[in-house]
Every structure is written in structure tokens, then in C-alpha cells.
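> coordinates only, sequence not included:
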DNA sequence: TACACTTTTCAGCAATTTCTGAAAATTAAA
DNA sequence: TTTAATTTTCAGAAATTGCTGAAAAGTGTA
């Protein structure tokens, strides 16, 4: 399993960025390799290409599975497991949104709700609850959005994103419409 | 500087989540404390409240400054520096979007563009470039969106988010309109 | 069932990140 | 200026995270 120079530079970059994401270097590299290679890969090929141990690949694949980012294939006459990324880049994006929400937002929303259920016993807690309420409301809306995106087809998601700078105008139009 | 139990549990949670974000535990705790406390705080108070060294607070504040997440105050007759978070939670959200884009998206977009400028010398690179192109297009749209959000007032941002599940209908309406 | 092949687990080592105390630098009042 | 208060820097210690090889577990074929 050899990697072209072009692929190598992309893999390295994903490795460096991996840590800025919730992933780590190796996971970033592994996913870059899988995404950029047309044919599904087995664990030994990944281990080869990235010069990391077979067991590390196994753990990485486990993590990628838990993120729902890879698909499993079987090749007739070969007992090894082969992995690929979804063809549709929008599907990958959608998965990332869902999984990051699960990990980054949901637990916090729960903590906020618990804090809001308590009775403030002094003015410091009153202020605290007020701020928690604000953060809660914002996060809840983001969650609703992400659920919405989750159920959107790639086509619709694409349309929405292409709206880009048009979005402001749409809001204006809506405001106007409602006021009339 | 004492922290109420309610504040303490929120601070701990932010600490744990801090690592899932690009921050780290201490940074998460520091920002929770600053956000949840009404009066601006000085470094010694933060050090006290969170039981971390003064120098660690100094480094944390430096980081929070670089993220544009805190405001500096001076109290007459006091030489210490006091820090607070913006009152408007939407402003904080906007800042986070901008800063995360800078750190998580922009460098990758540059790498993608460089890869697309190269001439593919074999079919593996052809496939690679095709996938990079897809990812590039998607990321560019996300970037445009985030620029849009960056320039939106808190009110407008709020309206947009409240749109929530209405967004699908708006897209449908727009599609229909364009086709007629 | 026995077997060869493949994947997973995990204890311990390695690398990285985070934190601290001491010292240096900065700041502003006297 | 000098001095005292405050903030910042940074080398090394501590803690955390990541990686490996060896062994265990799992899987399908004969």
C-alpha cells in the first residue's frame, strides 16, 4: 500500500488538524487515507501506509466506527475486513454534525437543565441561573437546528448551504411578512 | 472568592467538556467562572476560586484574550486587571464561531486549494483531487455562512435560530418559487 | 472438532500536554 | 528615578494521552 506525495501531504495535514478536532493525530491520518483512497482498505494496508502499529489501527477503526464514519466491506475469498468512507461528502458532514452534537452539546444541555431546576439561595446563584438560562436557550436552538439538518437530504442540505449570503435577505423578508 | 455549589458543579462540567472543545480543562473552568460571575474578576480571585496556580491563570487569560472571549476592566484605585465575559450570550457564540473557523477550517481550506493546483500524475491522484474538490466546496460554503453569521446582529441571529424547524419549509418555498 | 487467519484487548512504555514555582519583565505611584 | 505591586515567562515536574507488542478472543473453513 503506497501513498502518493499529494495524498501524503493531505494525510499529514489531517493529522495535524486531528487534534484541533475532537480526534487525535492518528485518527485524522487514518480517516484522510480512507477518504482519499478509492478502494476500501484493510487494517494491514492502513498500518503499512501510515507506519503505525496494527493494534493502533484496530483502536482507530473502533473509534471511527463509533463515529459512524466508515463502512465495512467484504471481498469474496478474502477473510479480511475492508473499510471505506461514504461516497457522499454531505453524508459525512451530516454524520459529523450529529456526533459532535451528541458529544459536545447534549451533556451540557443536561447539566444546564439540572442547574435550572435548583432553587437559587442567594443573589450569586440568581445571576448564575440567569446566565445558564441564556446559554441553555441558545444551545437548545442549535440542537433543534442540528436535528433538522440530520433529517435533511444531501440535496436539500446543499441548497441550504448555497443560500449563503442570501440568508439575511430571507430573514428580512420573513420579518416583513410577519409584520404586515 | 468563594464559589457556590451550583456554580461549582457548572464549573466542573465546563472543565470536563473543555477538552472535547479545543480548550483544556483549566480553560473551561476559568471561562465558566468568569461567565457565571456578575462582577469582573482579577487573576488572584480566579486562582483562589479554582485552586490553580497564579501562573496558570495568567496563561489561561492569555489564551482567552487570544480567543477574544474576555473584556478587560479597571477599578479606580486598584492596579489589578479585572476580567468579565460579554453580557450578550450571542456575542460570545458569534466569537466562538469566528475563532473556531479560523482554527479549524481556514488552514484546511488552504491545504485543499494547494492540492487542487497540482497536476494529477496518476489515477489515484485523480480520485484524490476529486474528493478534495468535494470537501473544498463544502467547506467553502460553511465558511461563507460563518462570515455571514459573523456580521449578523444578535437580534437577527436569534431570529434565524428560532426559525429552527421552519427552515425546511423556507427552502421548499424558495425552490418552488424558482421553478415557476 | 481442530486449524489457520484475523481482530481486539490491555499492561506498560513513550510522547505530549498541562501545571507549577521561581525569576524576569512590566507598570504605575511616590 | 526608585520602589512596590502586578503580570508574564519558562524550565522542569506532574498528569494525561497515545502507542506498541504480546497475548487473548473471535471467525470461518475443512
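Looks like it came in fine. What you see is a predicted model; the values in this text were computed from it and never measured.
> List the buried residues of the longest helix seen in chain A.
Of all segments of type helix in chain A, defined using DSSP state H, the longest is helix A:123-150. Neighbour-count burial for helix A:123-150 flags A:124-125, A:127-129, A:131-132, A:134-136, A:138-142, A:144-146, A:148-149 (criterion: 16 or more other Cβ atoms under 10 Å in any protein chain shown). All C-beta atoms are positioned from the backbone trio N, CA, C, and that covers glycine.
> Show me what that helix is packed against.
In terms of contacts (3 or more Cβ pairs under 8 Å, 6 or more residues apart in numbering or on different chains; DSSP states H and E), helix A:123-150 is packed against helix A:89-100, helix A:106-117, helix B:5-20, helix B:25-36, helix B:89-100, helix B:154-163, helix B:167-179.
> Quick check: buried residues in the shortest one?
Residues of helix B:154-163 classed as buried by neighbour count (16+ other Cβ under 10 Å): B:156, B:157, B:158, B:159, B:160, B:161, B:163.
> For DNA strand D, see how far away the last one is.
When you say that, I think you mean residue B:163. To DNA strand D, residue B:163 is 37 Å away according to Cβ to the nearest atom of the strand, to the nearest Å.
> now swap in the second one and tell me
Going from residue B:157 to DNA strand D by Cβ to the nearest atom of the strand gives 31 Å.
> can you pull the contacts of that residue?
By Cβ atoms under 8 Å, 6 or more residues apart in numbering or on different chains, the contact set of residue B:157 is B:90, B:93, B:94, B:149.
> which parts of chain A sit against DNA strand C?
When proximity is defined as Cβ under 7 Å from any atom of the strand, chain A approaches DNA strand C at A:19, A:42-44, A:54-55, A:58-59, A:61-62, A:78-81.
> Can you lay out those residues as TSV showing pLDDT, secondary structure and neighbour count?
Below are those laid out as TSV (pLDDT from 0 to 100; DSSP: H, G, I helix; E, B strand; the rest coil; neighbours: other Cβ atoms under 10 Å in any protein chain shown):
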residue	pLDDT	secondary structure	neighbour count
A:19	85	helix	13
A:42	98	strand	19
A:43	98	helix	19
A:44	98	helix	12
A:54	98	helix	11
A:55	98	helix	10
A:58	98	helix	13
A:59	98	helix	12
A:61	98	helix	20
A:62	98	helix	10
A:78	95	coil	10
A:79	94	coil	7
A:80	97	coil	13
A:81	98	strand	14
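> Of those, which is the nearest to residue B:112?
residue A:19 (18.8 Å; Cβ to Cβ).
> which ones are touching the closest one?
A:25, A:28.
> Next one: it relative to residue A:26, how far apart?
Remark: distance between residue A:19 and residue A:26 (Cβ to Cβ, to the nearest Å) = 10 Å.
> just residue A:12 next, same as before
Per Cβ to Cβ, residue A:12 is found 12 Å from residue A:26.
> Equivalent analysis for residue A:102, please.
Taking Cβ to Cβ, one finds residue A:102 at 22 Å from residue A:26.
> who has more neighbours, these two?
Shown here are residue A:102 and residue A:26; by other Cβ atoms under 10 Å in any protein chain shown, residue A:26 has more neighbours (19 against 12).
> who in chain A is up against DNA strand D?
Going by Cβ under 7 Å from any atom of the strand, the residues of chain A near DNA strand D are A:19, A:24, A:25, A:26, A:51, A:52, A:53, A:54, A:55, A:56, A:59, A:79.
> Buried subset of the contacts of residue B:157, written for PyMOL?
Command for PyMOL that selects the buried part of the contacts of residue B:157, burial taken from 16+ other Cβ under 10 Å:
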select buried, chain B and resi 90+93+94+149
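> which of the contacts of residue B:157 are the two that sit furthest away from each other?
B:90 and B:149, at 10.0 Å, using Cβ to Cβ across those.
> which regions of chain A sit below the pLDDT cut-off?
Applying pLDDT under 70 to chain A flags residues A:164-165, A:170, A:174-175, A:177, A:179-180.
> tell me the domain boundaries of it?
Per automatic domain parsing, the domain ranges recorded for chain A read A:5-84, A:89-179.
> Same list, those, but as TSV with distance to residue B:33 please.
What follows is those, written out as TSV (distance: least, Cβ to Cβ, whole Å):
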stretch	distance to residue B:33
domain A:5-84	24
domain A:89-179	10
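> Return the most buried member of the helices and strands packed on helix A:123-150.
helix B:25-36 (a mean of 23; mean count of other Cβ atoms under 10 Å in any protein chain shown).
> Run through who's touching that one.
A:127-128, A:131-132, A:135, B:3, B:7, B:10-19, B:21, B:23, B:41, B:46, B:49-50, B:52, B:56-57, B:60-61, B:63-64, B:69-70, B:83-85, B:92.
> what angle separates it from helix A:123-150?
110 degrees (axes from the mean of the first three to the mean of the last three Cα atoms, to 10 degrees).
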